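1. I would like to see how this sequence folds:
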Amino acid sequence: MRVVIVGGVAGGMSAATRLRRLSEEVEIIVLEKGPYVSFANCGLPYYVSGEISEREELILQTPEQLKKRFNIDVFVETEALKIDRENKLVTINKKGQEEQLTYDKLILSPGAAPLVPPINGLSEAKNVYTLRNVPDVDKITTAIAEKQPKQAVVIGAGFIGLEMAENLKQSGLNVTIVEAAPQILPPLDIEMAAFVENRLKEEGITVYTGAAAQAFKEDGQIIELSTGEQITSDFTVLSIGVKPVNELAIAAGLTTGLKGGIVVNESYQTNDSDIFAVGDAIIVNQQITNTEAMISLASPANRQGRQVADVIVGAARKNKGSIGTAIVRVFDLAAASTGLNERQLQEMKLAYKAVHITAKSHAGYFPESQPITLKLIFDPATGKIFGAQAVGKAGVDKRIDTLATAIKADLTVMDLPELEFTYAPPFGSAKDPVNMIGYAALNIVEGLSNNIQFYELKEAQKAGAVLLDVRNLDELKNNGSIGEDINIPLDELRERLDELPKDKQIIVSCQSGQRSYLAERILKNNGFIVKNLDGAFQIYSTAYPEEVKK
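-> Numbering: from 1, shown residues only. Reported below is the predicted structural model:
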């Protein structure tokens, strides 16, 4: 049996090497349009700044190494031009020579290409780059070395855009980020993304949100924004998303759907049973909601490549789908997410609740403990976990990985307090943040706590709710306030209950939400109508810094 694989990076190469481990009889041919296979595309931004110092570190395998170890024929600089499904032929351009290859099974892993929108003047701009592969990073590093730009603009503030912004800043450039959406990092909700935006600004990076690039002028030296502002740029990186590489599939009559993604079944088969597809170009099942999604991440692509090899040799493997789990480093801060965010759940009209906590990366009394802001989104009726987000300087990956595993395993918020973690002061806490956010969510499910989100506060106050801040006076003076109606420190609350109205809803706030929950319980046990401001002053002031009163 001959298996031809189009695309030699994550999904394609995982399929090829797994297939060889399963069988020595299969003939495996990999076609890669670019000059390199099996390269570390997620590491490319870090090569720009020199954090990854050797270019060779980006090249994980060569065609020669793959032939010697796996007996795989890898043809680089070879483009698949056409698929003849009836005769099972692939027409290829192999370094300028057109040939035809027969196949028994064909795996498409063409990946995704940078999205380049039709912006006025973009085609004439001479200083605009995209980053998707090794030749792209070669162009970028060469341009920086030879042209020595001073002012860089990154258009798009997703994961890759922020990684490029950081590494360009580390390379000595002045950096501006332009994002059309109202916030950076669209997978996160706005209040969580605000922590990252603040960190960028602390490093001197200018951030425009709600502003799209609508014209390039003077060969790209001037960028006109949708807000009417103009910014200068010596060096621009487009990082506004990707689109599936689907031209070969469409020309072959294979079915495409959402955003042009290739439609596959649970066995990765297209509408042609002998043609399979994996990776960034396929539509996947969003495992939480069982809806279609495009999830362009390395981990799912590698898993899909391995599974399609199993399917081809007859193993009973099913494509269960993906939930979308990702992390980014922005200087010394990490931001990660898994599953769905509030915006997506609102669009789906699904009932949900969200809860925020602030906890420590390890025992607070042990040196170098760092705060983690953790958010959990869940079904208040069943406890089903919809998603989670975290921001902090340490321990973020550990908590989001745990919660991603919980989602994949169909655990609920009721299960989170039961999870057992290793504990010693340098590594964690006796009450891990995942346990603690599970307790907080469980309190909501069981009706012990009723919370209100930062964006709901103003309307609640207009409707007559009273805001009670239970922080100490020194905290109010040093950190500011959000316009509370009453201030009673928590430790004085029981003695001052007569100062509070019983005929109005009371919304309780503190610094991060822990003391306000204690106040909520005291007040409820004394007959008051109470809600807890979720995340309290920390979340509100991060989302709405302009409303903080000093």
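
2. Let me know how buried Gly392 is, in neighbour terms.
-> 24 (other CB atoms under 10 Å). Glycine gets a C-beta too; all of them are placed from N, C-alpha and C.

3. my guess is it meets Ala336, correct?
-> No. Gly392 is beyond contact range of Ala336, at 9.3 Å (criterion: CB atoms under 8 Å).

4. So what does the residue nearest the centre of the chain look like in phi/psi?
-> Centroid-nearest residue in the chain, with CA atoms, centre = their mean: Ala326, separated by 4.1 Å. Ala326 has phi and psi values of phi -150, psi 160 when expressed as degrees, to the nearest 10.

5. Next: the one 5 residues further on.
-> Listed backbone geometry of Phe331 is phi 60, psi -120, with angles given as degrees, to the nearest 10.

6. got a list of what it touches?
-> 166, 199-200, 203 (CB atoms under 8 Å, 6 or more residues apart in numbering).

7. ok, now Ile385?
-> With contact taken as CB under 8 Å, 6+ apart, Ile385 is in contact with 339, 376-378, 403, 406-407, 411-413.

8. Please name the bridge partners of it.
-> In this structure, Ile385 bridges to Phe378 when assessed by DSSP bridges.

9. Could you list the domains of this protein?
-> Segmentation of the chain into domains, based on automatic domain parsing, reads 2-113+243-312, 128-240, 332-445, 451-547.

10. about what we covered before: and the contacts of Phe331 as CSV, adding secondary structure and pLDDT?
-> Converted to CSV, these look like this (DSSP: H, G, I helix; E, B strand; the rest coil; pLDDT from 0 to 100):
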residue, secondary structure, pLDDT
Glu166, helix, 97
Arg199, helix, 98
Leu200, helix, 98
Glu203, coil, 97
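
11. Export only the CA atoms of the helix or strand harbouring Leu442, formatted as PDB.
-> If you go by DSSP states H and E, Leu442 is part of helix 433-445. In PDB, the C-alpha atoms belonging to helix 433-445 read as follows (Å, rounded to 0.1, in the frame of the first residue of the first chain):
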ATOM      1  CA  PRO A 433      -6.300  27.200  43.100                       C
ATOM      2  CA  VAL A 434      -8.200  24.500  41.100                       C
ATOM      3  CA  ASN A 435      -9.700  23.200  44.300                       C
ATOM      4  CA  MET A 436     -10.500  26.700  45.500                       C
ATOM      5  CA  ILE A 437     -12.300  27.700  42.300                       C
ATOM      6  CA  GLY A 438     -14.200  24.500  42.400                       C
ATOM      7  CA  TYR A 439     -15.400  25.400  45.900                       C
ATOM      8  CA  ALA A 440     -16.400  28.800  44.700                       C
ATOM      9  CA  ALA A 441     -18.300  27.400  41.800                       C
ATOM     10  CA  LEU A 442     -19.900  24.700  44.000                       C
ATOM     11  CA  ASN A 443     -21.200  27.500  46.300                       C
ATOM     12  CA  ILE A 444     -23.000  29.000  43.300                       C
ATOM     13  CA  VAL A 445     -24.400  25.700  42.100                       C
END
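
12. Run through who's touching it.
-> Helix 433-445 is contacted from outside by 353, 355, 357, 359-360, 372, 374, 376, 378, 380-381, 383, 388, 395, 399, 402-403, 413-417, 419, 421, 449-451, 513, 517, using CB under 8 Å, 6+ apart.

13. if I read this right, Asn302 contacts Ala10, doesn't it?
-> Yes. The criterion here is CB under 8 Å, and Asn302 meets it with Ala10 at 5.2 Å.

14. The two: which is more packed in?
-> Higher neighbour count among Asn302 and Ala10: Ala10, with 27 against 19, using other CB under 10 Å.

15. give the contact list for the more buried one.
-> 41, 109, 111, 279, 298, 301-302, 305.

16. The nearest residue to it once chain neighbours are set aside sits in which helix or strand?
-> Nearest residue to Ala10 in three dimensions, chain neighbours excluded: Ala301, at 4.1 Å (CB to CB, 6 or more residues apart in numbering). Ala301 is located in helix 298-312, with elements delineated by DSSP H and E.

17. could you say what helices and strands that helix packs with?
-> Counting contacts by 3 or more CB pairs under 8 Å, 6 or more residues apart in numbering; DSSP states H and E, helix 298-312 packs against helix 10-22, strand 105-108, strand 275-277.

18. ranges for the helices of the stretch 401-550 of the chain?
-> Counting by DSSP state H, counting those that start in this stretch, one finds helices in the stretch 401-550 of the chain at the ranges 433-445, 457-462, 473-479, 514-524, 536-543.

19. And the ones you listed: which comes nearest Ile140?
-> Shortest distance between Ile140 and these, using CB to CB, is found for helix 536-543: 32.8 Å.

20. CA atoms only: put that closest one into PDB for me.
-> C-alpha atoms of helix 536-543 as PDB (Å, rounded to 0.1, in the frame of the first residue of the first chain):
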ATOM      1  CA  ALA A 536     -14.300  42.300  43.400                       C
ATOM      2  CA  PHE A 537     -12.200  45.500  43.100                       C
ATOM      3  CA  GLN A 538      -9.300  43.700  41.300                       C
ATOM      4  CA  ILE A 539     -11.400  42.500  38.300                       C
ATOM      5  CA  TYR A 540     -13.500  45.700  38.200                       C
ATOM      6  CA  SER A 541     -10.500  48.100  38.300                       C
ATOM      7  CA  THR A 542      -8.600  46.000  35.700                       C
ATOM      8  CA  ALA A 543     -11.500  46.000  33.300                       C
END
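
21. got a list of contacts for that helix?
-> With CB under 8 Å, 6+ apart, helix 536-543 has contacts from 190-191, 194-195, 198, 356, 358, 373, 454-455, 457, 469, 471, 479-482, 509-513, 516, 533, 547-548.

22. repeat for stretch 341-356
-> The contact list for stretch 341-356, computed with CB under 8 Å, 6+ apart, reads 187-189, 289, 291, 373-381, 386-387, 389, 437, 440-441, 444, 451, 453, 513, 534-535, 539.

23. Chain neighbours aside, what residue packs nearest to Pro244?
-> Ranked by CB to CB, 6+ apart and with sequence neighbours excluded, the top spatial neighbour of Pro244 is Ala281, at 4.0 Å.
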